[in-house]
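> Next comes the sequence, and after it the predicted model I'd like to discuss.
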Amino acid sequence: MERKNKPASIPVSPSMAQPIVDLSDNILTARLPTGDSVTVYLYGATVTSWKTSNGQEQLFLSQAAALDGSKPIRGGIPLVFPVFGPPPKSHATGQLPQHGFARNSHWEFLGKSTSENVGRKADGSVKLDFGLSSSMLDPGVQKKWAYDFGLVYSVTLGKDKLECQMHVQNKGSEAFDFQVLFHTYLAVKDISKTAVKGLTSSPYVDKVRSAQTFTEDATSLSFSGETDRVYTPPAGKDGASVPLVVTENGTDSFVVTRDSLPDVTVWNGWEDKIKAMGDFEPKDGWKRYLCIEPGAVSSWTKLDAGDAWEGGCSFESKL
Ligand SMILES: O=P(O)(O)OC[C@H]1O[C@@H](O)[C@H](O)[C@@H](O)[C@@H]1O
């Protein structure tokens, strides 16, 4: 029997190629062999860029965003914890700034894991873990919210998909209340041709109309002015949350899913509000973003001493 010669070298198949992860100057970048990439600033553990396999940027980042740690980054995915919006003065978070301290604290990078080595479905994704705990806060902030906590934020980059997961741990001896939210600035081509499906029949608080509660009757929510609403959509038949679909020009562009996050804020500040924001450029940039912000913010989540909580969301790009 004729024996075939062994090839001189074994070609590396694309599936054997590994993600490239780099941390320099407190900025982490990860790139998959498929071309997908993500950039995360340790300041706020803020995702500032998410590019899909076709090279397209999927997040809006203001050209005037402060990237030097002097204020929260305008755009990408700032993290909101432990309070959403202006804190109620009589609450334990009452002394904290709007949206809490997670987005303007320095996080640490805990490490990366590929789908193969953590027993997830071998889909070529990479998970990046970031940590923040009470001892890492500025002393001034620590005094304003003196609880012993640990956060692990995981960003998983897959082909045309980004997942965000937050693990909150109460390491202290007394219970605390928190809210959490992924303040995602999705890049859209034209807000006037953008719509959101999946919110029909959902109750929402409209912050533009004096924080009154309404029920959504649009099957496809479109935008023609300032929009600032916190939706609490009913669960689907199987008890899971119904995915939201963002459409542009009638074509699906993003699918957003939520896991253990009851709420989703939909925000576009529109022309006048955005013009007044010093860190928002270009001034007509309001036309090119839509914030879809999965979170747990319509009430407080109470975490007893020693307990942990987890919730997350995913963004899939369809274009
Ligand atoms: O300017 P900030 O603090 O980043 O907030 C931006 C917006 O964030 C949204 O989540 C809020 O619903 C809006 O009310 C707010 O204006």
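Thanks, I have the structure now. Residues are numbered from 1 along each chain as shown.

> where's the residue in the stretch 1-150 of the chain that the ligand sits nearest to relative to residue 78, distance?
Taking Cβ to the nearest ligand atom as the measure, the stretch 1-150 of the chain has residue 98 as its residue closest to the ligand, at 4.6 Å. Using the backbone N, CA and C atoms, a C-beta is placed for each residue, glycine as well. Distance, residue 98 to residue 78, by Cβ to Cβ, to the nearest Å: 11 Å.

> what about the longest strand in this structure?
The residue-count maximum for a strand in the chain (DSSP state E) belongs to strand 289-303.

> Show the subsequent helix or strand relative to that one.
Next helix or strand after strand 289-303 toward the C-terminus (DSSP states H and E): strand 308-317.

> just checking, what packs against that next one?
Applying 3 or more Cβ pairs under 8 Å, 6 or more residues apart in numbering; DSSP states H and E, one finds that strand 308-317 contacts strand 161-170, strand 251-259, strand 289-303.

> Which positions within it qualify as buried?
Under the neighbour-count criterion of 16 or more other Cβ atoms under 10 Å, strand 308-317 has 309, 311-317 buried.

> Please verify my assumption that residue 187 contacts residue 287.
No: contact criterion Cβ atoms under 8 Å: residue 187 and residue 287 do not qualify, at 11.0 Å.

> nearest residue to residue 265 other than its sequence neighbours?
Of all residues beyond its chain neighbours, the one nearest residue 265 is residue 293 (3.9 Å), with distances taken as Cβ to Cβ, 6 or more residues apart in numbering.

> How many residues are close by that neighbour?
Residue 293 has 25 neighbouring residues, counting by other Cβ atoms under 10 Å.

> One more: residue 171?
For residue 171, using other Cβ under 10 Å, the count is 15.

> which residues touch it?
Each residue near residue 171 by Cβ atoms under 8 Å, 6 or more residues apart in numbering is listed here: 133-134, 148-150, 306.

> now swap in residue 168 and tell me
So, once contact is read as Cβ under 8 Å, 6+ apart, residue 168 ends up touching 81, 149-151, 178, 180, 303, 308-310.

> Kindly report the same for residue 201.
215-217, 233-234.

> ok, residue 98 and residue 78, which is more surrounded?
Per other Cβ under 10 Å, whichever of residue 98 and residue 78 has more neighbours is residue 78, with 26 against 12.

> Out of the contacts of residue 201, give me the one that has the most neighbours.
residue 233 (20 neighbours).

> Please, which helix or strand holds the closest residue to the ligand within the stretch 201-319 of the chain?
Nearest residue of the stretch 201-319 of the chain to the ligand, counting by Cβ to the nearest ligand atom: residue 267, 4.3 Å away. Element membership for residue 267 (DSSP H and E) is strand 263-268.

> in its sheet, what does that strand sit against?
Note on strand 263-268: by DSSP bridges, its sheet partners are strand 227-231 (antiparallel), strand 289-303 (antiparallel).

> Just tell me which of the helices and strands packed on strand 308-317 ends up closest to residue 221.
strand 289-303 (10.3 Å; Cβ to Cβ).

> Buried ones in the closest one, by neighbour count?
Going by neighbour count (16+ other Cβ under 10 Å), the buried part of strand 289-303 is 289-298, 300-301, 303.

> I'd like to know which of the contacts of residue 201 are part of strands.
Those of the contacts of residue 201 mapping onto strands are residue 215, per DSSP E.

> contact partners of stretch 187-197?
In this structure, residues lying in contact with stretch 187-197 by Cβ under 8 Å, 6+ apart are 57-60, 219-224, 244-249, 253, 266, 268, 286-290, 292.

> Quick one: buried ones out of these?
58-60, 221, 223, 244-248, 253, 266, 268, 286-290, 292.

> Could you pick out the residues of the protein near the ligand for me?
Residues of the chain lying close to the ligand (Cβ under 6 Å from any ligand atom) are 98-99, 183, 207, 228, 265, 267, 293.

> Can you lay out the residues you listed as a markdown table showing pLDDT?
Listed next are these as a markdown table, based on pLDDT from 0 to 100:
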| residue | pLDDT |
| --- | --- |
| 98 | 98 |
| 99 | 98 |
| 183 | 99 |
| 207 | 96 |
| 228 | 98 |
| 265 | 98 |
| 267 | 98 |
| 293 | 99 |
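
> In ChimeraX, select just the buried ones from those.
In ChimeraX, this line selects whichever of the residues of the chain next to the ligand come out buried by 16+ other Cβ under 10 Å:
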select :99,183,207,228,265,267,293
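
> Nearest to residue 45 among the residues of the chain next to the ligand?
Residue 45 lies nearest to residue 183 out of the residues of the chain next to the ligand, by Cβ to Cβ, at 12.0 Å.
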